[in-house]
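Participant: Sequence below, structure please.
(4 chains)
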Protein chains: 4
Amino acid sequence: MVIYVVTTGGTIEKVYSEKTGEVTNLDNKIDRYLKLLRLPDSDVKIVPLMNIDSLKMTDSDRAAIVESVKKLLPEKAPILITHGTDTMVETGLYLQRALRKLEVPIVMTGAMAPLGFEGSDALQNLTESLIALRIIAPGIYVVSHNQVFPISNVRKDKTLGRFVRIT
Amino acid sequence: MVIYVVTTGGTIEKVYSEKTGEVTNLDNKIDRYLKLLRLPDSDVKIVPLMNIDSLKMTDSDRAAIVESVKKLLPEKAPILITHGTDTMVETGLYLQRALRKLEVPIVMTGAMAPLGFEGSDALQNLTESLIALRIIAPGIYVVSHNQVFPISNVRKDKTLGRFVRIT
Amino acid sequence: MVIYVVTTGGTIEKVYSEKTGEVTNLDNKIDRYLKLLRLPDSDVKIVPLMNIDSLKMTDSDRAAIVESVKKLLPEKAPILITHGTDTMVETGLYLQRALRKLEVPIVMTGAMAPLGFEGSDALQNLTESLIALRIIAPGIYVVSHNQVFPISNVRKDKTLGRFVRIT
Amino acid sequence: MVIYVVTTGGTIEKVYSEKTGEVTNLDNKIDRYLKLLRLPDSDVKIVPLMNIDSLKMTDSDRAAIVESVKKLLPEKAPILITHGTDTMVETGLYLQRALRKLEVPIVMTGAMAPLGFEGSDALQNLTESLIALRIIAPGIYVVSHNQVFPISNVRKDKTLGRFVRIT
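Facilitator: Below you'll find the predicted structure:
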């Protein structure tokens, strides 16, 4: 089955720059890491939309994400959106307001540490998201750290460094 | 929430012996690899039951797995069984005959290459299984390579080196 | 044999902070990575002296390195100094002026990317330095990227992102 | 500078076969792992000679290694020979008898666990050997686990799982 992965940047896709010593959104790397997974029954199509820190994401960027998702929805394939964790829920709620009567699940995920960094949660979150997309009902979710949160019931806890359930 | 992990051996848990040059079920290693995952909301309890190649698994071993699972079922916590892939479906069907009216999901997983070996699918399968357990309906499943198979609809394809759906 | 490892920080020992998204010298990590190497005949003693970016290193810091090395020299054991690459040569030349008639080799090394980051050269440089210390003549050297440079014949090429020989 | 790497098999280059569950010398993998190292000043040329368990190595195989080395010697470039550890010393002594007045160092190395297996010493040994080749005097050596042994002063200790010095 087809799975779309819309990439928008965030920590999950940051790289270490040897020139500056900084960790920034320079190049796409999701595709490189998806190759580490065995996905024999999944035709993963990556849609690189933007590559920015989610703290810098504007409503115009969020509108672009909505447009991108709307174009994909007629395919009736599940959609994964990779996104910075800081404003992931904000974008998710924005999507929820813009999209009605979803026929597929949309999962948002990201990471506390970039793909390929020691102790990173990034590949775990990608792995979890891809299988959650095959099981869960239509709707918008955050998937991370072995948890699945409906978008209306989640916020990031910056102190704990993870998502928590709210009611 | 509590998640039980009943380990029975199989390739997923094999280790390379520097003395013999063979890959065998010598020591438990699932616990070491689960530490690489972030599971803040999951209280994973490992139950090391046996550590054998599933081609050597007898009906007496399968009865021991059933007994172990039956003891855990009153806890109403989901159960992951790690198992060799060669007879995983056989054991799963054996469990299905022995267990009625499940109130929790039971997921079976394993690997084509041991945990920690280059290119291994083992950590992917563990990660997928742990999140599938939190989403899927009660029943017995095989989870592997981004797929979830009800136990009545799966067999191992030795040529492809993976599980496939049957009807 | 005893090998001393005096750690001063630099990129090699930087960690990614999930709180700030920055890569900084927060904790020591050389010891954790040395455990990945098999060193049956080497008694490695780590001396954590400071943990700073070498661009911030002052002459007072360099004097502290000299003092630390002078205290170790009577042991007649080779010494590895881990150090940021930007001012490694400056510190090496400072050591050369301060230390006369060396009876052991002193190797300086560092990295372009921190230990444990994807594609890092850090463990390679540590591995190379530890064996170079067992072979080379007394003197002060930079060891990195499969090269051994006497301290008087090396500079960092920032564009190439590595050390090069000068005459 | 040019460095030749003559590969003959051994544990260092073994792969795990998902079909058989065995660890055997099926494909070359040294080249893949050398790409993980930064070798800006080294032109490494791999010469894949054979790919066998060193316990199965015959004198005819050893003669082939001698022939291969003899062809390379006029290049006056250092030579690394990767080899199973069980008969590495035997082959090294065979080379010593066949080759006179060496003008370059010849280093033999191997591993107790294959490249890419958890806890493997293989990449460490390759890294050490490549830098040792740039420093040591002409002669034949075994390099492993942060030690450099002249071929006349080394044997494998099967109980310890490593090479030890003999006099």
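
Participant: May I ask you to name the longest strand in chain A?
Facilitator: As assigned by DSSP state E, the longest strand anywhere in chain A is strand A:43-52.

Participant: Quick one: mean pLDDT for that strand?
Facilitator: Mean pLDDT, strand A:43-52: 97.

Participant: so how far is that strand from its chain's centroid?
Facilitator: 10 Å (CA atoms, centre = their mean, to the nearest Å).

Participant: now do stretch A:55-64
Facilitator: 14 Å.

Participant: re earlier: which strands and helices lie in contact with the longest strand of chain A?
Facilitator: strand A:2-9, helix A:30-34, helix A:59-72 (3 or more CB pairs under 8 Å, 6 or more residues apart in numbering or on different chains; DSSP states H and E). In this view, the C-beta of every residue, glycine as well, is placed from N, C-alpha and C.

Participant: Please identify which of those is closest to chain D.
Facilitator: Closest to chain D of these is helix A:30-34 (CB to the nearest CB; 14.4 Å).

Participant: Once you drop chain neighbours, what's closest to A:Ile136?
Facilitator: A:Pro105 (4.8 Å; CB to CB, 6 or more residues apart in numbering or on different chains).

Participant: Neighbours of the closest residue to A:Ala122 other than its chain neighbours, how many?
Facilitator: Leaving aside its sequence neighbours, A:Ala122 sits nearest to A:Ala111 (CB to CB, 6+ apart; 3.6 Å). The number of residues packed near A:Ala111 is 26, by other CB atoms under 10 Å in any protein chain shown.

Participant: coming back round to it: the longest strand of chain A versus helix A:59-72: what angle between them?
Facilitator: 170 degrees (axes from the mean of the first three to the mean of the last three CA atoms, to 10 degrees).

Participant: ranges for the strands of chain A?
Facilitator: Counting by DSSP E, the strands of chain A are A:2-9, A:15-16, A:23-24, A:43-52, A:79-82, A:105-109, A:139-144, A:147-150, A:154-157, A:162-165.

Participant: contacting residues around the residue nearest in space to the middle of chain A?
Facilitator: In chain A, the residue lying closest to the centroid (CA atoms, centre = their mean) is A:Thr82, at 2.2 Å. Taking CB atoms under 8 Å, 6 or more residues apart in numbering or on different chains, we find A:Thr82 in contact with A:5-10, A:12-13, A:30, A:108-110, A:126.

Participant: Could you tell me which residues of chain A lie near chain C?
Facilitator: A:11, A:14, A:16, A:18-19, A:21-23, A:53, A:112-119, A:158, A:161 (CB under 8 Å from any CB of the partner chain).

Participant: can you list the weak-confidence ranges in chain A?
Facilitator: Of all residues in chain A, none has pLDDT under 70.

Participant: still on that earlier bit, in JSON lines, list the helices and strands packed on strand A:43-52 along with mean neighbour count.
Facilitator: JSON lines is the format used below for those (neighbours: other CB atoms under 10 Å in any protein chain shown):
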{"stretch": "strand A:2-9", "mean neighbour count": "22"}
{"stretch": "helix A:30-34", "mean neighbour count": "16"}
{"stretch": "helix A:59-72", "mean neighbour count": "15"}
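
Participant: Which one, of those, ends up nearest to C:Ile166?
Facilitator: Closest to C:Ile166 of those is helix A:30-34 (CB to CB; 36.5 Å).

Participant: and that closest one, anywhere near chain D?
Facilitator: No. Helix A:30-34 lies out of reach of chain D by CB under 8 Å from any CB, never closer than 14.4 Å.

Participant: Just the C-alpha atoms of that helix, please, in CSV.
Facilitator: Taking Å, rounded to 0.1, in the frame of the first residue of the first chain, the C-alpha atoms of helix A:30-34 are listed here in CSV:
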residue,chain,number,x,y,z
ILE,A,30,14.3,11.0,6.3
ASP,A,31,14.8,9.0,3.1
ARG,A,32,18.2,7.8,4.1
TYR,A,33,16.9,6.5,7.4
LEU,A,34,13.7,4.9,5.9
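
Participant: Looks like A:Val5 contacts A:Val44 (just checking).
Facilitator: Yes. A:Val5 lies in contact with A:Val44 (CB atoms under 8 Å); the separation is 6.0 Å.

Participant: shared neighbours of these two, which are they?
Facilitator: Joint contacts of A:Val5 and A:Val44 (CB under 8 Å, 6+ apart) are A:Leu34.

Participant: now the residue lying farthest from the centre of chain A, nearest residue through space, not along the chain?
Facilitator: Distance from the C-alpha centroid of chain A, by CA atoms, centre = their mean, peaks at A:Lys19 (27.8 Å). Closest residue to A:Lys19 apart from its sequence neighbours, by CB to CB, 6+ apart: C:Gly161 at 7.4 Å.

Participant: Please name the residues that touch the residue nearest to A:Ile136.
Facilitator: Per CB under 8 Å, 6+ apart, neighbours of A:Pro105: A:Pro78, A:Ile79, A:Ala132, A:Leu133, A:Ile136, A:Ala137, A:Pro138, A:Gly139, A:Ile140, A:Tyr141.

Participant: From A:Val5, how far off is A:Pro78?
Facilitator: Going from A:Pro78 to A:Val5 by CB to CB, to the nearest Å gives 10 Å.

Participant: Residues in contact with both of these two, list them for me.
Facilitator: Counting by CB under 8 Å, 6+ apart, nothing touches both A:Pro78 and A:Val5.

Participant: need the contact list for A:Leu34.
Facilitator: Contacts of A:Leu34 (CB under 8 Å, 6+ apart): A:Val5, A:Val44, A:Ile46, A:Leu126.
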